[in-house]
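Novice: task: produce atomic coordinates for the following.
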Amino acid sequence: MDRLIEGALFPARHWHSLEDGRIQCDVCPRYCRLHKGQRGLCFVRARDEDALVLTTYGRSSGFCIDPIEKKPLNHFLPGTPVFSFGTAGCNLTCKFCQNHDISKAREIDRLNQDATPTMIAEAARQFGCRSVAFTYNDPVIFLEYAADTARACRQAGVKTVAVTAGYITPQARGEFFADIDAANVDLKGFTEPFYRNLCGGRLADVLDTLAWIKGHTDVWLEVTTLLIPGENDSDDEINALSAWFASELGPDVPLHFTAFHPDWRMPDHPPTPPVTLTRARAIAMSHGLRYVYTGNVHDGAGGSTYCHTCGSLLIGRDWYELTAWELDPAGCCRQCGTQAAGVFESRPGDWGRKRQPVQFCSWT
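Specialist: Modelled structure (predicted):
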């Protein structure tokens with residue numbers, strides 16, 4: 001459906017009525033049960049009379065062209081620009097949220113641009129973007145808008161990317177990922193207490209989503225863990241995470257360890273030392289993971305891609321800019337011929353580290 005509903009109240013999917021008169025949202029594992037006039041914890045899924053609606057369909061907190069490496073995705077169309085947007089709200093309550101001005105905002109405070117799914121697909125195509133990213137806040141909570149946009153993009157020959165915490169139900173994830181080409185999932189920690197106390201969620205639900213994406217879809221998957229000093233950065237936890245990762249996702253799924261900076265409700269925690277990221281990377285690689293990266297720090301070695309057979313540099317990176325490309329047109333190492341895992345084109349993009357805000361009114 002490619003039109004904007006007056007007042008942005010769009011009929012939601014994945015909900016049902018309860019015998020006590022409430023209705024239950026079935027999009028995320030919170031299963032919010034709502035009386036008339038109530039909203040879910042995400043704030044953007046609400047009860048309107050006897051139905052569930054999405055209040056942010058067709059409305060965004062802003063559009064921007066980013067490097068794909070910023071999502072971060074290192075093995076999906078490297079060097080290309082991605083048309084990025086988000087809405088408002090979130091279905092987790094992370095105390096360390098790095099995008100709290102968007103994810104914790106009410107939609108009336110942040111949503112100032114309107115665009116239908118077809119408009120977004122056409123904008124990406126006109127700006128020369130190879131993909132559209134649902135990012136800045138979690139697209140699970142605007143499932144209908146994201147799914148419809150992904151479908152419109154696929155019809156237009158534009159790929160789509162979901163940047164998500166993976167906190168979604170088995171009932172909803174089939175539709176959400178049906179037309180998604182790549183995803184970066186935040187695996188925020190590897191203990192239930194961490195998820196319960198700092199995120200307001202459950203680790204088991206995220207692990208289930210990750211295993212399902214890997215085992216039951218064609219979505220290119222990468223995973224990010226933000227390491228917070230004293231919270232989820234111990235050797236024991238990183239070893240446990242890496243062992244599960246190797247067993248359930250396999251050695252070819254890229255894993256990004258990124259640095260925390262004090263923000264939101266954790267201003268008293270120190271930034272993550274670069275040595276912590278380097279140590280985590282070494283631990284993960286000791287479990288057989290082939291593509292492990294460091295992020296949010298300047299680390300040429302930790303940000304680059306190497307052949308897992310001969311050790312040759314395949315893709316050099318300086319922050320979000322490519323500095324070397326040693327893959328042949330088929331995506332194989334030029335030195336030994338080993339196939340690199342990923343979605344590669346015959347040559348890399350040259351977008352670099354540019355960030356270009358887009359106002360729809362400036363081109364429509």
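Novice: I'd like to know which helix or strand in the chain has the lowest mean pLDDT.
Specialist: The helix or strand of the chain with the poorest confidence is helix 107-110; it has a mean of 49 (mean pLDDT, DSSP states H and E).
Novice: average pLDDT across the following helix or strand past it?
Specialist: Once the chain leaves helix 107-110, the next helix or strand it forms, by DSSP states H and E, is strand 113-114. Mean pLDDT, computed over strand 113-114, is 85.
Novice: and strand 113-114, what does it pack onto?
Specialist: strand 59-60 (3 or more CB pairs under 8 Å, 6 or more residues apart in numbering; DSSP states H and E). C-beta: built from backbone N, CA, C; applies to glycine.
Novice: sheet-wise, list the partners of the strand it packs on with their directions.
Specialist: According to DSSP bridges, strand 59-60 forms sheet pairs with strand 113-114 (antiparallel).
Novice: what's the following helix or strand after the strand it pairs with?
Specialist: Next along from strand 113-114, by DSSP H and E: helix 117-126.
Novice: contacts for that next one, please.
Specialist: 2, 63, 83, 85, 115, 131-132, 145, 148-149, 151-153, 155-158, 358, 360, 363-364 (CB atoms under 8 Å, 6 or more residues apart in numbering).
Novice: would you write a PyMOL line that selects the buried entries of these?
Specialist: Buried members of the contacts of helix 117-126 can be picked out in PyMOL with the line below, counting by 16 or more other CB atoms under 10 Å:
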select buried, resi 63+83+85+115+131+132+145+148+149+151+152+153+158+358
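Novice: ok now do R22, which residues does it touch?
Specialist: Counting by CB under 8 Å, 6+ apart, R22 makes contact with 33-35.
Novice: what about burial for those, which qualify?
Specialist: Counted by 16+ other CB under 10 Å, the contacts of R22 give L34 as buried.
Novice: of the contacts of R22, closest to L203?
Specialist: Among these, R33 lies closest to L203 (CB to CB), at 23.0 Å.
Novice: on that earlier part again, what about the contacts of helix 117-126, which are in helices?
Specialist: Among the contacts of helix 117-126, the members found in helices (DSSP state H) are 145, 148-149, 151-153, 155-156.
Novice: can you show me the strands along the stretch 101-250 of the chain?
Specialist: 113-114, 131-134, 159-164, 182-186, 220-227 (DSSP state E, counting those that start in this stretch).
Novice: tell me the contacts of I315?
Specialist: By CB under 8 Å, 6+ apart, the neighbours of I315 are 74, 78, 304-305, 322, 324-327, 348.
Novice: pLDDT wise, what is N197 at?
Specialist: pLDDT, read off for N197, is 96.
Novice: ok, so of the contacts of I315, who is nearest G200?
Specialist: N74 (29.3 Å).
Novice: my read: that closest one touches Y306, true?
Specialist: No - the criterion here is CB atoms under 8 Å, and N74 misses it with Y306 at 11.6 Å.
Novice: just say helix, strand or coil for T56.
Specialist: coil (DSSP: H, G, I helix; E, B strand; the rest coil).
Novice: got the contact list for the nearest residue to R22 once chain neighbours are set aside?
Specialist: Distances taken as CB to CB, 6 or more residues apart in numbering put R33 closest to R22, at 4.5 Å, once the chain neighbours are dropped. R33 makes contacts with 18, 22-24, as judged by CB under 8 Å, 6+ apart.
Novice: circling back: reformat the contacts of I315 as JSON lines; add pLDDT and secondary structure.
Specialist: JSON lines is the format used below for those (pLDDT from 0 to 100; DSSP: H, G, I helix; E, B strand; the rest coil):
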{"residue": "N74", "pLDDT": "98", "secondary structure": "coil"}
{"residue": "P78", "pLDDT": "98", "secondary structure": "coil"}
{"residue": "S304", "pLDDT": "98", "secondary structure": "coil"}
{"residue": "T305", "pLDDT": "98", "secondary structure": "strand"}
{"residue": "L322", "pLDDT": "97", "secondary structure": "strand"}
{"residue": "A324", "pLDDT": "98", "secondary structure": "strand"}
{"residue": "W325", "pLDDT": "98", "secondary structure": "strand"}
{"residue": "E326", "pLDDT": "98", "secondary structure": "coil"}
{"residue": "L327", "pLDDT": "98", "secondary structure": "strand"}
{"residue": "P348", "pLDDT": "97", "secondary structure": "coil"}
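Novice: what subset of the residues you listed is buried?
Specialist: 74, 78, 304-305, 322, 325-327, 348.
Novice: now these as a markdown table including distance to T338?
Specialist: Formatted as a markdown table, those follow (distance: CB to CB, whole Å):
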| residue | distance to T338 |
| --- | --- |
| N74 | 17 |
| P78 | 17 |
| S304 | 16 |
| T305 | 12 |
| L322 | 20 |
| W325 | 16 |
| E326 | 11 |
| L327 | 10 |
| P348 | 18 |
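Novice: thanks a lot, catch you later.
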